[in-house]
Every structure is written in C-alpha cells, then in structure tokens.
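Visitor: 3D, please:
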Amino acid sequence: VTIDDSAFQNNTYIKSVVLPSSLRTIGDDAFYGCVNLESVTFNEGLESIGGSSFWLCISLKDVEFPQTLTELGTYAFHSCISLTDITIPSGVKDIYGTFSGCVGLTSVTMLGVRSSIYAFEGCKNLESLSLPSTMEEFMDMRLVSLKTVTVSENNENYKVVDGVLFSEDGKDLVLYPSALDRKDYTIPEGVETICSCAFTYVNGLETVTFPSTVKEMEEQAFYVCDLLRSVTFNEGFKNMEYAFYGCDSLVSVDIPSGVESLTYAFVDCDALESIDIPASVTYLSDDFLDECHSLRTITVSKDNANYKVIDGVLFSKNGKTLVKYPAMLENTTYDVPSGVNRILDDAFEGVVFLKYVNFPDSLEYIGDNAFENACSLTTVVIPDGAYIGEEAFEDCHALKEVTLGKNVEVDDEAFKYCGNLERITIMDSSYELGMDALYWCESLKEVIVSDDNDLYKLVDGVLFSKDGNSLIRYLENDERTEYVVPEGTM
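Guide: As a prediction, this is how the structure comes out:
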C-alpha cells in the first residue's frame, strides 16, 4: 500500500494523520507544505518515506519512526521547524539533507546510519551530535550552535581529538564544531586534507595555523568564519575554492607557495586589506576578490608567469586583461593602459575614490558587474566596438553622463539603479540596448542619438526604434503633463 506522490501536498487544514498497518511507502512530496499538520502516527511495517514528503510541515512536533523503516528520502523533513528531537532507526542507512532547516532540533540519535550528508544543515539549535559505530561518511554545515561531537568507541572511521572530528587515521579534518569555545587553533601535524565545510560558520575562532602536511583544502573549508582574522599557512596544497568566502575579519593573506588556483577564494572578505600572490598561481577566478571593500594592496611575485601588478592594479602577465582594481586604491582618475582589451567581471566593483576612468581604444570587453557600486564614478566614455556586460555599472550612484561609442553592445541591466544619470549619448550601432539597460535611472533628462544610428531615433525627446514602431524610453524627468503617442507606434 502506497500514499502517492503529492497526495496531500499544500493541504492547510489537516492537523493529524494516523497511518494504517498496511502502508509500506509514502511518496515524494506526499505531505509537502501541510503547514498545520501537528502529528503523524507512523505504522510498524512502513519501509520508505519519500523525498520532500514532509517538507515545510512547520507545525509537526512529534515524530516516532517505526523500526521497519529503511529509507528516509532526500529533504524528507526539511524546514520542519517545530521538531525538537528525533531517533533514526537502525534500518535507515543513508540520509541526505533529510532534516536540514529544522531549526528547533536539539537532539538527534542515529542508530545505524552509514552516510549522513548535510542531513542537519542549518539546524541552528543543535548543540551536540553523536556518530554511531556504523558511520562511514559524514559531512554537514551551518550548525552554528554545535559544541560537541562524539563518536562511538566502536567506530572504525572517525575519531575526536580536542573536540574536533577527524578521520580515524588523522589525515582528514572533517568538522570543527561551530560553537567550540576556542580562539586559536593549530591544525595537528599529519593532517593532509581540510574537508569541505570543515570550519563553516565557526563563530569564535580568530587564528588558525596550518601544518606542513596539509595537501588539500576542499571547497568552502572556512566559509563564513566571522571572527577569523589571521591564517598562518605552510606550503603543500594547490587549490583554494570558496575557501575563505565571507570571512569578514580577515585582514591580510600571504598565499603559500605551491597554490595554483584561487576560485572565489576570498569573496566577501570585507576587512581584507592586502593579499600576496606567489609565483605558483596559474589561475584566478574573475571575482576571487569580489566584495573585498577594504582591499588596498595586491602584490604578485616577480616570478609569476601569469599575473603582474602595474601601479597597484592586478593584470594578466601579457597586460591585456585587467583582473582587479583594489577598492581602496586612492586614485580619483585612472587611465586603463593602452593594449588592455578585457576588464574582467567585478574588476572595479565597490571602488571608493575613483571618479574618472579613461578607456583605451583597444578595449573590447567590460565584464559583468565590472564597475558595480563604483560609488564616486561620474563620467563614462565607452570606446567603439566594446561590449558592456550585465549590470556592469549597476548602482553607480554618482554617475551622471555616459557616452557609448560606435557599435557598442550593451547587455541587460548595464546601468541599472544609476539614479543620478542625467545624459546618455548613443552613437551609430548595430546592437540593441539590453533589457532594462537603463532601469530605474530616474534622473535621466536627455538621450542623444546619432543621426547615423540604424536602430534608434529621437522623436520630440522620446527614444523610439528607427522604424518608429516601438517607443523605447520616455524620460522620467520629462515635465510635460500631456503626451500623445505618435501614429504608427505598435
């Protein structure tokens, strides 16, 4: 006997369910969104509870699983915020995201679980976890109140050292409890891998020292460690992927020799002032320093074959790609060097002092969000043939005038929220303006269109398509109280 997929989905009336002894399977999404469901009496004989079957049952308080249960589906009880304690029977071997978002959960007992992956992610009141002897694979994150992890003495795969969860051989650091009461931590010698999310949302740690044995730091290893201000590395590992994303207190970083790639490694490190890039680095993702609003100094080893710094700005070694302009570099005017043809995504994001940027004729590409929130930028002249990426100048609140050269391609929302933009000049072009390119530019007073433009024209101060069929833009600051849309507008 089965309850089919989505059978009770989004029913807002039902409060209590009693299941018959004949039931063997509850389908996916079966009780999804039953927000007033308070209790479910599960029957002995039930074998499977499907994926997302009780997702968002926010009133569900008491759950007692039958001993016959062998399957708990992915996200089965996601966001059941009133659940406080659960016992997972010995027949259930694998759980993935099953109780994630259950913010009221304070107690968990796992009797026979073999694999637990993000099963309790975001359970912000869970203070302790005990891994059974059967546990072979464990990973979780955003357990912001977790103080204690214990492991059954019969478990052959994990151990706890000084409150931190490791693989039995000590080579993998698996989980550092987020609420462990410690400011400084030295990773033990012999550790080779910092596992994915190992230090995620750790809220008291200020300094970390790496041993020489670490060879790998997996994705999001130190994700959102708010108080982490100092990291002492030793050589050994090659990649940093989202490694210190959101570490708001981190001030400076010396990347160890041997690291080859930095992928979104320091995004949203708002206090980061300086970074030193060694010769070994061969790849930097476009926005590996995105939203680093305190950044003043970037240095690169003179022996690096792929990158260099010119006048404080990070470039590719051949000088053709501008990678990152530090947000706190104290220039009011900057001349992008001749020969540069690409400005990468987020390259000038959040720059504070820059008022004027002069682009060379060689420029071909301005990346997505390249000048987003460049708060002092007042004037932009884009050279002929260049491409402007999505949201490239979004939130440039001081920007007053834009001139687009011939055949400039403007992507979607390029000048969105430029609230003080007063004038834009559009030269001859074979490209249409991207969708919402001038969205919420409420101060726009004048649009100037070249007579040679094949796509647009002005009719009585209003922007139309060249054939007059489409009215593109009626300016917010046009003070007329009456306007008659011309005949032929479709």
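Visitor: where does the closest residue to residue 121 other than its chain neighbours land in three-state SS?
Guide: Nearest residue to residue 121, sequence neighbours excluded (C-beta to C-beta, 6 or more residues apart in numbering): residue 100, at 4.1 Å. Quick note: C-beta positions are derived from backbone N, CA and C, even for glycine. At residue 100 the chain is in coil, as set by DSSP: H, G, I helix; E, B strand; the rest coil.
Visitor: Residue 100 and residue 245, how far apart?
Guide: Using C-beta to C-beta, to the nearest Å, residue 100 is found at 19 Å from residue 245.
Visitor: same check, this time on residue 446
Guide: Taken as C-beta to C-beta, the span from residue 446 to residue 245 is 42 Å.
Visitor: Compare those two (neighbour count), which wins?
Guide: residue 245 (24 against 13; other C-beta atoms under 10 Å).
Visitor: Verify the stated contact: the more buried one with residue 223.
Guide: Yes. With contacts counted by C-beta atoms under 8 Å, residue 245 reaches residue 223, the gap being 5.1 Å.
Visitor: Model confidence score at the residue nearest to residue 121, please.
Guide: For residue 100, the pLDDT comes out at 97.
Visitor: what does the one 5 residues further on give?
Guide: Residue 105 carries a pLDDT score of 96 in this model.
Visitor: Just list the residues touching it, thanks.
Guide: When contacts are counted by C-beta atoms under 8 Å, 6 or more residues apart in numbering, residue 105 touches 83, 84, 85, 86, 99, 120, 123, 125, 126.
Visitor: Mind putting the residues you listed into JSON lines with secondary structure and distance to residue 187?
Guide: Converted to JSON lines, the contacts of residue 105 look like this (DSSP: H, G, I helix; E, B strand; the rest coil; distance: C-beta to C-beta, whole Å):
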{"residue": "83", "secondary structure": "coil", "distance to residue 187": "35"}
{"residue": "84", "secondary structure": "coil", "distance to residue 187": "35"}
{"residue": "85", "secondary structure": "strand", "distance to residue 187": "33"}
{"residue": "86", "secondary structure": "strand", "distance to residue 187": "33"}
{"residue": "99", "secondary structure": "coil", "distance to residue 187": "29"}
{"residue": "120", "secondary structure": "coil", "distance to residue 187": "24"}
{"residue": "123", "secondary structure": "coil", "distance to residue 187": "26"}
{"residue": "125", "secondary structure": "coil", "distance to residue 187": "28"}
{"residue": "126", "secondary structure": "coil", "distance to residue 187": "24"}
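Visitor: could you flag which of those residues are buried?
Guide: Applying 16 or more other C-beta atoms under 10 Å to the contacts of residue 105, the neighbour count classes 83, 86, 99, 120, 123, 126 as buried.
Visitor: For the closest residue to the first one other than its chain neighbours, which residues are in contact?
Guide: Using C-beta to C-beta, 6+ apart and skipping the chain neighbours, the partner closest in space to residue 83 is residue 102 (5.0 Å). Residue 102 is in contact with 77, 78, 79, 80, 81, 83, 120, 122, 123, counting by C-beta under 8 Å, 6+ apart.
Visitor: ok, those vs residue 308, which is closest?
Guide: Nearest to residue 308 among these: residue 122, at 42.4 Å, using C-beta to C-beta.
Visitor: measure that closest one to residue 143 for me?
Guide: The value you get for residue 122 to residue 143, if C-beta to C-beta is used, is 8 Å.
Visitor: Could you do residue 275 as well?
Guide: Counting by C-beta to C-beta - residue 275 and residue 143 are separated by 30 Å.
Visitor: Next: residue 322.
Guide: Residue 322 is 41 Å from residue 143, where distance means C-beta to C-beta.
Visitor: same deal with residue 357?
Guide: The gap separating residue 357 from residue 143 is 45 Å, by C-beta to C-beta.
Visitor: quick one: average confidence on stretch 199-212?
Guide: Confidence over stretch 199-212, taken as the mean pLDDT, stands at 94.
Visitor: right, and residue 293 touches residue 270 too?
Guide: Yes. Using C-beta under 8 Å, residue 293 is in contact with residue 270, at 5.4 Å.
Visitor: Tell me which stretches of the stretch 151-300 of the chain form strands.
Guide: Secondary structure of the stretch 151-300 of the chain by DSSP state E, counting those that start in this stretch: the strands cover 158-161, 164-167, 172-175, 184-186, 193-194, 207-209, 216-217, 230-232, 239-241, 252-254, 261-263, 274-277, 283-284, 297-300.
Visitor: can I get those in JSON lines with distance to residue 452?
Guide: Formatted as JSON lines, those follow (distance: least, C-beta to C-beta, whole Å):
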{"stretch": "strand 158-161", "distance to residue 452": "71"}
{"stretch": "strand 164-167", "distance to residue 452": "68"}
{"stretch": "strand 172-175", "distance to residue 452": "64"}
{"stretch": "strand 184-186", "distance to residue 452": "65"}
{"stretch": "strand 193-194", "distance to residue 452": "59"}
{"stretch": "strand 207-209", "distance to residue 452": "60"}
{"stretch": "strand 216-217", "distance to residue 452": "55"}
{"stretch": "strand 230-232", "distance to residue 452": "56"}
{"stretch": "strand 239-241", "distance to residue 452": "48"}
{"stretch": "strand 252-254", "distance to residue 452": "51"}
{"stretch": "strand 261-263", "distance to residue 452": "44"}
{"stretch": "strand 274-277", "distance to residue 452": "46"}
{"stretch": "strand 283-284", "distance to residue 452": "40"}
{"stretch": "strand 297-300", "distance to residue 452": "42"}
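Visitor: Could you identify which of those is most buried?
Guide: Per-stretch averages of neighbours, counted by mean count of other C-beta atoms under 10 Å, single out strand 172-175 among those, with a mean of 23.
Visitor: Quickly run through the sheet partners of it, with directions.
Guide: Using DSSP bridges, strand 172-175 pairs in its sheet with strand 164-167 (antiparallel), strand 193-194 (parallel).
Visitor: Which one, of these, ends up nearest to residue 299?
Guide: Closest to residue 299 of the strands paired with strand 172-175, according to C-beta to C-beta: strand 193-194, at 25.1 Å.
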